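Visitor: the sequence isn't on hand, but the structure is:
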């Protein structure tokens with residue numbers, strides 16, 4: 001079966017216009033990006049509205065937490081199978097199927113809220129099915145980007161996706177709270193609408209989202225092992241695992257610890273929320289600045305410098321624990337995060353063959369997501385034993401380990417760019 005070069009859709013645009021198109025003129029990428037902006041916004045609304053609904057229906061904070069944990073565990077369990085699916089089957093059809101499923105279950109939940117039948121046996125299957133579909137969709141989406149943009153645009157495309165993530169984290173929760181106040185079903189019906197719009201966007205993408213595949217594929221288990229073998233056998237990808245996991249754990253743990261420390265110090269909920277907004281705003285501004293930073297620094301220097309600066313800024317933040325001022329150096333560290341992610345994941349997409357993209361992406365996301373999932377429990381245990389400053393020092397130490405890896409790793413030193 002013939003194989004298509006990465007970014008062929010962008011190459012066709014060059015042939016038509018005689019000029020390399022900018023990313024904002026890349027129709028297919030912008031369709032995918034816009035559709036995911038909308039569906040991510042719907043997801044952020046539901047992230048706030050769902051525990052409120054469970055709390056209102058059951059009166060139990062424990063059950064509200066159980067629902068959130070069920071979604072997180074489902075995502076982690078589905079990561080590796082999602083990678084196999086994204087490499088084995090047509091990615092466009094996978095994403096369409098996931099959007100149809102998510103549209104159906106959240107429309108059903110919205111209807112159940114209106115009908116007054118949205119109890120836990122209804123909510124829990126919706127959360128599990130939605131999380132499973134999102135894990136498959138996001139893996140297929142990550143794996144597809146390489147085929148929609150030129151190789152020199154990969155890091156910029158990843159930076160755009162980072163901006164999307166931080167943007168919806170700013171807008172989604174307030175919008176979800178507003179809609180929930182106007183009508184309990186509105187956030188869930190709005191989420192269903194967002195999946196409908198995402199479905200339309202994916203259906204309108206013209207270019208292929210993957211290269212040709214052989215007619216016969218190895219069994220699912222052998223396919224997963226093949227992906228993990230490539231991931232662990234490549235010097236850069238091994239380094240990416242060792243860097244991404246502690247960075248994700250550190251950021252999640254610092255933000256969680258900061259929230260608890262501020263509340264323990266008697267800071268008002270409004271100011272605690274403001275600190276969270278500052279974190280998200282730092283990430284959003286960092287995503288916009290990422291392409292400029294990448295142009296000015298070689299990739300190995302960029303990654304090493306950002307890891308060390310992040311460790312230092314997190315350490316400064318621990319000295320201010322219990323004060324809203326602690327949000328400032330932490331926001332500066334979050335500002336640097338999108339540049340590191342864009343450089344690392346852009347290079348990952350460049351060095352991974354297309355037929356392995358899904359499995360490699362899922363392996364990295366599983367490692368990073370598992371580490372982030374452990375962070376709140378670790379932060380809670382540390383804060384129960386020590387005061388906030390010493391307890392939070394664990395997280396900049398984790399980033400220091402990532403920085404040492406970036407400094408010494410052959411996989412990072414040999415990054416092109």
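Guide: Cool, the structure landed. Quick caveat, the model's predicted, so the values are computed rather than measured.

Visitor: give the contact list for residue 264.
Guide: 322, 383, 388 (Cβ atoms under 8 Å, 6 or more residues apart in numbering). For the C-beta atoms, the positions are set from N, CA and C on the backbone; glycine is no exception.

Visitor: can I get the residues you listed in TSV including pLDDT, neighbour count and secondary structure?
Guide: Formatted as TSV, the contacts of residue 264 follow (pLDDT from 0 to 100; neighbours: other Cβ atoms under 10 Å; DSSP: H, G, I helix; E, B strand; the rest coil):
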residue	pLDDT	neighbour count	secondary structure
322	86	17	coil
383	87	19	helix
388	89	23	helix
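
Visitor: which one of the residues you listed is nearest residue 85?
Guide: Set against residue 85, the nearest of the contacts of residue 264 by Cβ to Cβ is residue 383 (39.3 Å).

Visitor: which residues touch the closest one?
Guide: 257, 260, 261, 264, 391.

Visitor: where does the stretch 301-417 of the chain have low pLDDT?
Guide: In the predicted model of the stretch 301-417 of the chain, residues 416-417 satisfy pLDDT under 70.

Visitor: quick one, helices of it?
Guide: In the stretch 301-417 of the chain, the helices defined using DSSP state H, counting those that start in this stretch lie at 327-351, 357-385, 388-392, 394-408, 410-413.

Visitor: now do the third one: everything it contacts.
Guide: Outside helix 388-392, the residues within contact range by Cβ under 8 Å, 6+ apart are 253-254, 257-258, 260-261, 264, 314, 317-319, 321-322, 379, 382-383, 385.

Visitor: can I have the buried ones of those as a ChimeraX selection?
Guide: Per 16 or more other Cβ atoms under 10 Å, the buried members of these correspond to this ChimeraX selection:
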select :253,254,257,258,260,261,314,317,318,321,322,379,382,383
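
Visitor: residue 355 - nearest residue in space that isn't next to it in sequence?
Guide: Nearest residue to residue 355, sequence neighbours excluded (Cβ to Cβ, 6 or more residues apart in numbering): residue 87, at 5.8 Å.

Visitor: doesn't residue 227 make contact with the one you found?
Guide: Yes: under the criterion of Cβ atoms under 8 Å, residue 87 makes contact with residue 227 at 7.2 Å.

Visitor: neighbour count for those two, which is higher?
Guide: residue 87 (28 against 24; other Cβ atoms under 10 Å).

Visitor: helix or strand for that one, which one?
Guide: Assigned by DSSP states H and E, residue 87 belongs to helix 61-88.

Visitor: just the angle between that helix and helix 357-385, please?
Guide: If you take axes from the mean of the first three to the mean of the last three Cα atoms, to 10 degrees, helix 61-88 sits at 160 degrees to helix 357-385.

Visitor: after helix 61-88, next one along is what?
Guide: Sequence-wise, the next helix or strand downstream of helix 61-88 (DSSP H and E) is helix 91-115.

Visitor: quick one: buried residues of that following helix?
Guide: Buried residues in helix 91-115 (16+ other Cβ under 10 Å): 91-92, 94-99, 101-103, 105-113.

Visitor: okay, angle between that helix and helix 61-88 too, please.
Guide: 160 degrees.

Visitor: show residues contacting helix 91-115.
Guide: By Cβ under 8 Å, 6+ apart, helix 91-115 touches 39, 42, 46, 53, 85-86, 118, 122-123, 125-126, 129-130, 133-134, 136-137, 140-141, 143-144, 184-186, 188-189, 191-192, 195-196, 198-199, 202-203, 205, 208-210, 358.

Visitor: go with 6 Å
Guide: By Cβ atoms under 6 Å, 6 or more residues apart in numbering, the residues outside helix 91-115 that reach it are 118, 122, 126, 129-130, 133, 136-137, 140, 144, 184-185, 188-189, 191-192, 195-196, 198-199, 202, 209-210.

Visitor: of those residues, buried ones?
Guide: Applying 16+ other Cβ under 10 Å to these flags 118, 122, 126, 129-130, 133, 136-137, 140, 144, 184-185, 188-189, 191-192, 195-196, 198-199, 202, 209-210 as buried.

Visitor: among these, which are in helices?
Guide: 122, 126, 129-130, 133, 136-137, 140, 144, 188-189, 191-192, 195-196, 198-199, 202 (DSSP state H).

Visitor: list the buried residues of stretch 357-376.
Guide: 357-369, 371-373, 375-376.

Visitor: isn't residue 136 up against residue 83?
Guide: No: if you go by Cβ atoms under 6 Å, residue 136 and residue 83 don't touch, sitting 9.2 Å apart.

Visitor: which residues touch the residue nearest to residue 399 when sequence neighbours are not counted?
Guide: Leaving out its chain neighbours, the residue that sits closest to residue 399 by Cβ to Cβ, 6+ apart is residue 311, at 4.1 Å. Contacts for residue 311 (Cβ under 6 Å, 6+ apart) come out as 396, 399, 400, 403.

Visitor: likewise residue 272?
Guide: Counting by Cβ under 6 Å, 6+ apart, residue 272 makes contact with 259, 262.

Visitor: how far does the helix or strand encompassing it sit from the chain's center?
Guide: When elements are assigned from DSSP H and E, residue 272 belongs to helix 269-296. Relative to the centre of its chain, helix 269-296 is centred 15 Å away, using Cα atoms, centre = their mean, to the nearest Å.

Visitor: likewise for stretch 180-199?
Guide: Per Cα atoms, centre = their mean, the displacement of stretch 180-199 from the mean C-alpha position of its chain is 21 Å.

Visitor: shaky segments in the stretch 101-250 of the chain?
Guide: Using pLDDT under 70, the flagged stretches of the stretch 101-250 of the chain are 213-217.

Visitor: how many neighbours does residue 164 have?
Guide: Residue 164: 18 neighbours (other Cβ under 10 Å).

Visitor: so the closest residue in space to it that isn't next to it in sequence is in which element?
Guide: Sequence neighbours aside, residue 37 is the residue nearest to residue 164 in space, at 5.3 Å (criterion: Cβ to Cβ, 6+ apart). For residue 37, the host element (DSSP H and E) is helix 27-58.

Visitor: what residues sit buried inside that helix?
Guide: Those would be 27-33, 35-54, 57-58, for helix 27-58 by 16+ other Cβ under 10 Å.

Visitor: for that helix, packing partners?
Guide: Applying 3 or more Cβ pairs under 6 Å, 6 or more residues apart in numbering; DSSP states H and E, one finds that helix 27-58 makes contact with helix 61-88, helix 154-182, helix 186-203.
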